[in-house]
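In: fold the following and give me the result.
(one chain, ligands or ions: 1)
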Amino acid sequence: MKKKIIGVILATAMVATLFTGCSGKSEEAAAPATDAAQEEAAPEAEDAAPAEAEDAADATADAAGGDLASKKVGVCIYQFSDNFMTLFRTELENYLIAQGFSKDNITIVDGQNDQATQTGQIDNFINDKVDVLIVNPVNSSSAETITDKVVEAGIPLVYINREPSADEEKRWEDNGWNVTYVGCDARQSGTMQGEMIVDLGLEAVDLNGDGKIQYIMVEGDPENVDAQYRTEFSVKALTDAGFEVECLSDQVGNWQQAEAQQIVANALGQYTTDVEVVFCNNDAMALGALQAIEAAGRTVGTDIYLVGVDALSEALENVIAGTMTGTVFNDHFSQSHSAADAAIRFINGESNDYYIGCDYVKATKDNAQEILDMVK
Ligand code: BGC
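Out: Next up, the predicted model:
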């Protein structure tokens, strides 16, 4: 078992008005609230010695009457080709096995970013009478339909990574259903991205000396609150610190490296040296942005700044080398373990909170090696 970051549970849901990018267009969305968004969680490395991990697994298996090995787990991932969800599902499977489930009884399927495909997979799991379902929805807005059919079938349900609306979560609570969501508060990650830029100081970042920070925003899937909140809160951290900002370009890169590369190449071609900061909602897109930045003959840390989210190994290596300004560790260990633990509690007839959170961690040159050692 790998080392892990200890997550802190955040709670409470609220409805907020979001402003996305240059257009200032607004929309209603729901997400968990936290007042910890400004605070950096200290990375606490915990050595999980194999023997201790095995003892813990035995204890959990005993608590379940030792029969977790016979329980069937269905896992729906929105898209296997997503880098972050690959880390998540690999750790989830390993941890489930360490807790006593049999590998043969864990079925993980690829929704191929298509809700109809995923809904069919959920129907199959229901027909197969799995003991618990863990779902990373393609569209969070389909959660109501998914919840209804899974609850109707009497199967406990753990949503991961893509948070359903506050109204949907309230329905679970009001009805006392065995349904929960496990994830981090994306506002915190956006705030941390902005803070890493603020910490460089206005003078360093305002490369053209016009008193404003000109930036490009590359967004993930706009249906996903992670994309909405990272977009809003990264910029808010700058304005909260008194920086004046100017958005040059705000486009959707759908979490994909190649799309981001194209977007940033075009924006750099159009706005050239005016671009001071590139914000990407995740690291896959930041890696695409970096390719475009280098192709344009620009140098991160010298004449442009670049931040992402996730702390993929490649991104951390770039942070260490100075070719990325920073990233934010999206703790897939804590999230996958919490999801599995919640599933086990449901199987054991226990209940769960309706929202199970965890903290993000800033990754800068100062601690990127430490985080890389943990994730590798
Ligand atoms: C991650 C992205 C990922 C997305 C999938 C986000 O939390 O930061 O990298 O593509 O989840 O839903």
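
In: which parts of the stretch 201-350 of the chain are strands?
Out: Assigned by DSSP state E, counting those that start in this stretch, the strands in the stretch 201-350 of the chain fall at 212-219, 244-252, 277-280, 305-307, 327-329.

In: which of the ones you listed sits closest to residue 156?
Out: For residue 156, the closest of the strands of the stretch 201-350 of the chain is strand 327-329, at 29.0 Å, according to CB to CB. All C-beta spots, glycine's among them, are computed from the backbone N, C-alpha and C.

In: helices and strands around that closest one, which ones?
Out: On a contact count with 3 or more CB pairs under 8 Å, 6 or more residues apart in numbering; DSSP states H and E, strand 327-329 meets helix 186-198, helix 313-321, strand 361-363, helix 368-375.

In: I'd like to know which of the ones you listed is closest to the ligand.
Out: helix 186-198 (7.0 Å; CB to the nearest ligand atom).

In: and the angle for that closest one with strand 244-252?
Out: 130 degrees (axes from the mean of the first three to the mean of the last three CA atoms, to 10 degrees).

In: who touches helix 186-198?
Out: The contact list for helix 186-198 (CB atoms under 8 Å, 6 or more residues apart in numbering) reads 31, 34, 36-38, 40, 205, 213, 225-238, 240-241, 243, 277, 279, 305, 307-309, 325-326, 328, 330, 359-360, 362, 364.

In: stretch 241-251 now?
Out: 20-23, 194-195, 198, 202, 205, 211-219, 231, 235, 238-239, 263, 266-267, 270-271, 274-275.

In: between the helices and strands packed on strand 327-329, which gets nearest to residue 354?
Out: Per CB to CB, nearest to residue 354 of these: helix 186-198, 17.9 Å.

In: now the closest one: average pLDDT?
Out: The average pLDDT for helix 186-198 rounds to 98.

In: between helix 313-321 and it, find me the angle.
Out: Going by the same axes, to 10 degrees, helix 186-198 makes 30 degrees with helix 313-321.

In: helix 186-198 and the ligand in contact?
Out: No. Helix 186-198 stays clear of the ligand (CB under 6 Å from any ligand atom), getting no nearer than 7.0 Å.

In: strand 212-219 and that helix, what's the angle between them?
Out: 140 degrees.

In: for stretch 204-213, buried residues please.
Out: Applying a neighbour-count criterion of 16 or more other CB atoms under 10 Å, one finds 205, 206, 207, 213 buried in stretch 204-213.

In: ugh, wrong one, stretch 144-151
Out: 146, 147, 150, 151.

In: next, the contact list for residue 296, please.
Out: By CB under 8 Å, 6+ apart, the neighbours of residue 296 are 265, 268, 269.

In: need those residues in CSV (columns: neighbour count, pLDDT and distance to the ligand).
Out: Shown next, in CSV, are these (neighbours: other CB atoms under 10 Å; pLDDT from 0 to 100; distance: CB to the nearest ligand atom, whole Å):
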residue, neighbour count, pLDDT, distance to the ligand
265, 17, 98, 21
268, 24, 98, 22
269, 10, 98, 26
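
In: residue 173 touches residue 354, doesn't it?
Out: Yes. Contact status for residue 173 versus residue 354: in contact at 4.9 Å, counting by CB atoms under 8 Å.

In: for these two, indicate the residue with more neighbours.
Out: residue 354 (18 against 14; other CB atoms under 10 Å).

In: thinking the more buried one is in contact with residue 179, fair?
Out: Yes. Counting by CB under 8 Å, residue 354 touches residue 179, with 7.3 Å between them.

In: okay, and the common contacts of the two?
Out: The contact lists of residue 354 and residue 179 share residue 172, where a contact means CB under 8 Å, 6+ apart.

In: low-confidence bits of the stretch 151-300 of the chain, can you list those?
Out: Along the stretch 151-300 of the chain, segments meeting pLDDT under 70 are nowhere present.

In: kindly report the residues of it close to the ligand.
Out: 161, 162, 220, 224, 226, 255, 282, 284.

In: how about the residues you listed, which pair is most distant?
Out: Greatest spacing in those, by CB to CB: 162 and 284 (16.0 Å).

In: higher neighbour count, these two?
Out: Neighbour count, other CB under 10 Å: between residue 162 and residue 284, residue 284 has more, with 28 against 23.

In: quick one, helices of the stretch 51-200 of the chain?
Out: Ranges of helices in the stretch 51-200 of the chain, per DSSP state H, counting those that start in this stretch, are 83-98, 115-127, 143-152, 166-175, 186-198.

In: and those helices, which is most packed in?
Out: helix 186-198 (a mean of 27; mean count of other CB atoms under 10 Å).
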